[in-house]
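A.B. asks: dropping a prediction and its sequence here:
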Amino acid sequence: MGEPSRRGNAVLVAATYLTVLAVLVLPVVLVMVEALRAGLGAAWRSLLDPDALSAIRLTLLVTLVATIVNTAGGIMAAWLVTKYRFRGRGVLVALIELPISVSPVIAGLVWLLLFGRQGWWGDWLDRHHIQIAFATPGIVLATLFVTFPYVARTLMPFMEQQGREAEEAAFLLGAGFWRTLWRVTLPDARWALLSGILLTTARAIGEFGAVSVVSGHIPGLTETMPLHIETLYNGYQTVAAFTMAALLALIAMATVLLRSFLEHDFRKGSS
Amino acid sequence: MSVQIRSLTRHAPKASRKLLNDVSLTIEDGAFVALVGPSGAGKTTLLRTIAGLDGPYEGSVLVDGQVLAGRPMRERRIGFVFQNYALFRHMTVARNISFGLDVLPRGARPDRGTIAARVAELLELIQLPTLGGAYPDQLSGGQRQRVALARALATKPGLLLLDEPFGALDPIVRRQIRRWLRGLHDQLGLTTVLVTHDHEEALEVADRLVVMQDGRIVQDAAAETLDAAPATPFVMEFLGEALAFAGRVTHGRFLPDDPNVLSFPVGAGDGPATALLRPHEVRLVAAGGTAHATPLAGGQGGLRRLAVALGAREVEILVLPERLGAAGTEGLGLDIGRARLFRDGVPLAGALVAPAGHALPRVTGVG
């Protein structure tokens, strides 16, 4: 490679770093600065507010449920789609990816349409005193829908490349379906799986659109962290809003960092 | 363990094409059988069906007289080695080998010490005693192959099924491993079925060759029989380079179309026929015609290669170096008296088979 192109490379690298700095790092820094404007004490106190604590609790609960359910579902979906060829397989792949392309707001609206008081099953649910819309179950459902693709999508390319042979070998050596999945398929795919789980977690914690539609924004009851941030901000509680936002950003960054760390590790291990 | 396959037919998924078409085969206890044929012939499908992999089929597969379908794998006593080894990448060599024992139900599983001893014994058997702690990535192809074999042998199978096990190995390792495998087969009293597209490999290691083509068994015989009396021109050509001469049988003689090829007596009825023979089975006869020979570079198994121009076409034959030029290089005729005769793809009864005493060193495998 000659000198000019090396200089060109340097310019490109610098430009990339600048863009990343401006677009990705700066906002986070600004959020932190705003949060700490009234000092660490004020920020801390704002987090101890009962509504804030409730929002954090709800977010953790919803994230936990969504991650567990979608990990199990994602594993099954990825396995089925990559290891078998069956009628309607293409449709299933497209369906798995649907939540990525559909606006979360629409996802939320669909749940309302089904379970809301004016929805298809609204009367029946009302008669049996089951509350889904404007309650935790609705929020969980909305989050489940939005975060479904991530485990499946990170596992699919890996499992495709894995092929069937190791599983067949395990089967021929006497291992049943679950044991093969548990001892052969998943351990081999562990880095891809972990990466998918972390992505799901990050997405579930931060989900706003779908949850916003189904939750009804009841502070202390149906507000998750992102929703609570909006409520606080609209109520001019800047410090509280930015503290919550900073917390959210920190959690998200930790997940992403962990994920890229794992990916790096995985690449090193496989080469 | 013995295997009896009767009228086995398998269809390609979502297609009417038959992967296996009415295949019947008996493999006796202790036999070493090679399934050979070009790719797409159905060899691997047949092997996988015996193992109990893949979907439904028509016909019956009996192992030791019993249907295996529905019985737990550990009762089947089948060891299977995949073409690409299919080792578990995230497990050490030792864990790979002990997998079949580790997954036994608690009641039937040997204790840890016994499993460890068995693994050590197998590592010794595959001549890799120090590599138990290594991961498959750290091994060479030949080592991986042997680990895959050890894994298949850990549960003491009676039937060993091998799918192109030497395909990815270099020629020297290949030869070593197949001799070693043959020794293992004899030592452990196994029944072995080997799939290969390499007839040389099959000839070297197996007692019996089952030649497949388009989902059917074309011929099932010992190596010598295959060479002396191939069931079809395809078998003849698959087992080595073959020259074909068209002609017809008239009054008990085969008359080749080519005037430079000499006629010879046969015990077959009149009609068109094709004569096939190996390049080393052709004899040059002085003053037998108008063909002329040119020595070519290279040879095979101590034989020298000659190009013989017949006027209409040129054929390459192999001759002993001391006979090179014995008949001169001009005005030659070709004696193909040792050819196998076929009519409509079927051997002609009464075609002369060369007496065993006269056989030249068998030369097989060209490209």
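C.D. replies: Right, received. Where do you want to start? This is a predicted model, so every value here is computed, not measured.
A.B. asks: endpoints of stretch A:104-124, how far apart?
C.D. replies: 26 Å (C-alpha to C-alpha, to the nearest Å).
A.B. asks: quick one: residues in contact with the helix or strand hosting residue B:114.
C.D. replies: Residue B:114 is part of helix B:112-125 when elements are defined by DSSP states H and E. Helix B:112-125 is contacted from outside by B:93-94, B:97-98, B:101-102, B:109-110, B:129-132, B:150, B:153-154, B:184, using C-beta atoms under 8 Å, 6 or more residues apart in numbering or on different chains. The way it works is simple: take the backbone N, C-alpha and C, and place the C-beta from them, glycine included.
A.B. asks: now these: which count as buried?
C.D. replies: B:93, B:94, B:97, B:98, B:101, B:102, B:131, B:132, B:150, B:153, B:154, B:184 (16 or more other C-beta atoms under 10 Å in any protein chain shown).
A.B. asks: turn these into a markdown table, including distance to chain A.
C.D. replies: Shown next, in a markdown table, are the buried ones among the contacts of helix B:112-125 (distance: C-beta to the nearest C-beta, whole Å):
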| residue | distance to chain A |
| --- | --- |
| B:93 | 14 |
| B:94 | 15 |
| B:97 | 10 |
| B:98 | 10 |
| B:101 | 9 |
| B:102 | 8 |
| B:131 | 19 |
| B:132 | 18 |
| B:150 | 12 |
| B:153 | 11 |
| B:154 | 8 |
| B:184 | 19 |
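A.B. asks: give me the subset of those lying in helices.
C.D. replies: B:93, B:94, B:97, B:98, B:101, B:102, B:150, B:153, B:184 (DSSP state H).
A.B. asks: quick one: the fourth one and residue B:154 touch, right?
C.D. replies: Which is residue B:98. Yes - assessed by C-beta atoms under 8 Å, residue B:98 is found in contact with residue B:154 at 6.4 Å.
A.B. asks: the residue of the stretch 201-350 of chain B found nearest chain A: how many residues sit nearby?
C.D. replies: Using C-beta to the nearest C-beta, the closest approach of the stretch 201-350 of chain B to chain A is made by residue B:215 at 20.5 Å. Counted with other C-beta atoms under 10 Å in any protein chain shown, residues neighbouring residue B:215 total 24.
A.B. asks: for it, list the residues it contacts.
C.D. replies: Contacts of residue B:215 by C-beta under 8 Å, 6+ apart are B:10, B:18, B:19, B:20, B:21, B:23, B:41, B:42, B:45.
A.B. asks: surely the third one is in a strand?
C.D. replies: Yes - with DSSP: H, G, I helix; E, B strand; the rest coil as the criterion, residue B:19 is assigned to a strand.
A.B. asks: torsion angles phi and psi at the closest residue to residue B:146 other than its chain neighbours?
C.D. replies: Sequence neighbours aside, residue B:126 is the residue nearest to residue B:146 in space, at 3.9 Å (criterion: C-beta to C-beta, 6 or more residues apart in numbering or on different chains). Phi and psi for residue B:126, reported as degrees, to the nearest 10, are phi -90, psi 10.
A.B. asks: number of nearby residues for residue B:126?
C.D. replies: Count around residue B:126 with other C-beta under 10 Å applied: 22.
A.B. asks: looking at it, it is touching residue B:150, isn't it?
C.D. replies: Yes - in this structure, residue B:126 is within contact of residue B:150 by C-beta under 8 Å, at 4.7 Å.
A.B. asks: that's a helix at residue B:70, yeah?
C.D. replies: No - counting by three-state DSSP, residue B:70 is located in no helix; its state is coil.
A.B. asks: residue numbers of the stretch 101-250 of chain B in contact with chain A?
C.D. replies: B:103, B:104, B:151, B:152, B:154, B:155 (C-beta under 8 Å from any C-beta of the partner chain).
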